[in-house]
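Chemist: here you go, sequence then predicted model.
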Amino acid sequence: MLFKSTSADWFDDEPEVDPKTITGPGIPEYKEGEPEEYLETRTHWLIADHNKDGVLKADDLENYFYTQFYANGGVLRCGNDTTDRARAETDGQGLLEELDENKDGQLDFKEYTRQFVTNMQHPDDEDEEEEEGGERDDL
């Protein structure tokens, strides 16, 4: 039984925190009945908002991608730091462009949350269905 409890710790980077209690610059206070994706967004926001100014700019997102996916043996690391940093920059810029609804060059909490919405159909998906002559099934 000791192995079972120890193995769970190998995969946990940080202690379990109730996302409802997470606060900080740019993070709205938890409200009963808020969108479910806000819970997951709170955890990621704390990591992504590198300078803690309450918005995510390109440099925050680039740092997030680099530290989370490329640095220290990250899952996307190629072994060449210059290449890894360039890829993180591209990833950060791409996410910013995709989620920045008002095109002000930064993401607020609500914009950043869009990536965690599970039932949202991407607008490009609708265009593809129309081009193929398919119909949307809006239930």
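Modeler: Thanks, I have it.
Chemist: give me the mean pLDDT for the host helix or strand of residue 92.
Modeler: Element membership for residue 92 (DSSP states H and E) is helix 81-99. The average pLDDT for helix 81-99 rounds to 96.
Chemist: go on, stretch 36-43?
Modeler: On average, stretch 36-43 scores 90.
Chemist: stretch 55-64 too?
Modeler: Over the span of stretch 55-64, the pLDDT mean works out to 96.
Chemist: buried residues, it. List them.
Modeler: Buried residues in stretch 55-64, counted by 16 or more other Cβ atoms under 10 Å: 55-58, 60-64. (Each C-beta comes from the backbone N, C-alpha and C, glycine too.)
Chemist: can you put these in CSV and add distance to residue 94?
Modeler: Shown next, in CSV, are the buried residues of stretch 55-64 (distance: Cβ to Cβ, whole Å):
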residue, distance to residue 94
55, 18
56, 13
57, 14
58, 10
60, 14
61, 9
62, 10
63, 15
64, 12
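Chemist: go through those residues and name the one nearest residue 98.
Modeler: Closest to residue 98 out of the buried residues of stretch 55-64 is residue 61 (10.6 Å), distances taken as Cβ to Cβ.
Chemist: doesn't residue 48 make contact with that closest one?
Modeler: Yes. Counting by Cβ atoms under 8 Å, residue 61 touches residue 48, with 6.6 Å between them.
Chemist: now the helices: where do they sit in this structure?
Modeler: 2-11, 37-48, 58-65, 81-99, 109-113, 123-131 (DSSP state H).
Chemist: okay then, goodbye and thanks.
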